[in-house]
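Participant: Fold the following, please.
(one chain, ligands or ions: 1)
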Amino acid sequence: MLKIENLSKSYGNRTIFKNLNLTLPAGEVLAIVGPSGIGKTTFLKIVAGLLPADEGQMILDDQPLDLSGHRKDARVGVIFQDFNLFPQYSVLKNVTLAPQTVKHLRPQTAQALGEQLLSGLGLAAQMHQYPFQLSGGQKQRVAIARALAMQPGMLAYDEPTSGLDAESTQRVIDVILQLKEQGTTQLVVTHDLPFAKAIADRTLDFGNEVERG
Ligand SMILES: Nc1ncnc2c1ncn2[C@@H]1O[C@H](COP(=O)(O)OP(=O)(O)OP(=O)(O)O)[C@@H](O)[C@H]1O
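Facilitator: I've put the predicted structure just below:
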């Protein structure tokens with residue numbers, strides 16, 4: 001479960017959100033929607049530990065999350081809009097690298113985990129290919145496998161269907177629902193309302209429901 005209490009963020013004298021409170025029960029999917037520039041990505045980056053919050057706290061599975069913007073643990077897995085895969089590494093190595101270097105898993109253990117995750121996401125045939133050989137939807141699923149390989153407490157996605165065709169979008173929907181079924185807590189920033197409807201237990205409209213003044 002993710003619990004957010006009185007979270008505030010400003011850029012200079014511009015308040016992006018103020019006193020934001022939110023509870024996301026374990027295994028639920030929250031979609032965050034709202035117009036461009038309203039602060040959705042800012043919020044996601046704070047949840048992911050990539051940007052500092054000004055005030056407030058976040059608790060994931062009863063343990064506080066570091067909100068300094070320099071979080072070192074991998075408790076929140078992030079999937080970026082542009083995938084951020086390493087182009088010089090195979091799909092499997094993209095997934096197994098961080099578990100070995102950050103979590104110090106033995107190569108065989110990381111490999112077994114990577115193979116299991118990639119197979120589960122329908123990428124068994126692509127394991128030894130390179131990112132340039134994949135479709136956008138396949139890259140997105142590699143990014144999801146890579147995040148899951150760090151065994152995070154939850155996943156956060158930034159516009160995961162942006163630039164994907166209908167078929168790839170459906171695969172992302174299937175993966176998110178499959179992970180939900182397995183109990184993964186997920187937060188998804190999107191401007192795609194039908195997509196939000198297909199995945200979410202709950203939708204937060206960042207434009208209308210969030211305090212900023
Ligand atoms: N580092 C920064 N310094 C100052 N202002 C920023 C910074 N990052 C973002 N902003 C501003 O904060 C506002 C919220 O940006 P953010 O990217 O969070 O919005 P968004 O809702 O994700 O938009 P989009 O859907 O277009 O990605 C925007 O007006 C943006 O210009």
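Participant: who touches the helix or strand containing Glu167?
Facilitator: Element membership for Glu167 (DSSP states H and E) is helix 166-181. Outside of helix 166-181, the residues within contact range by Cβ atoms under 8 Å, 6 or more residues apart in numbering are 27-29, 120-122, 135-138, 140-141, 144, 148, 155, 157, 160-161, 164, 186, 188, 192, 195, 198-199. Just so you know, the C-beta spots here come from the backbone N, C-alpha and C atoms, and that holds for glycine as well.
Participant: Repeat the analysis, applying 7 Å as the threshold.
Facilitator: 27, 29, 121, 135-137, 140-141, 144, 160-161, 164, 186, 195, 198-199 (Cβ atoms under 7 Å, 6 or more residues apart in numbering).
Participant: Near the ligand, list only the ones from the residues you listed.
Facilitator: When Cβ under 6 Å from any ligand atom is applied, no member of the contacts of helix 166-181 is adjacent to the ligand.
Participant: Tell me which two in these are the farthest apart.
Facilitator: Gly27 and Ser135 (29.0 Å; Cβ to Cβ).
Participant: picking up where we left off before, can I get the buried part of the contacts of helix 166-181 as one ChimeraX selection?
Facilitator: Remark: buried members of the contacts of helix 166-181, expressed as a ChimeraX selection using 16 or more other Cβ atoms under 10 Å:
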select :27,29,121,136,137,140,141,144,160,161,164,186,195,198,199
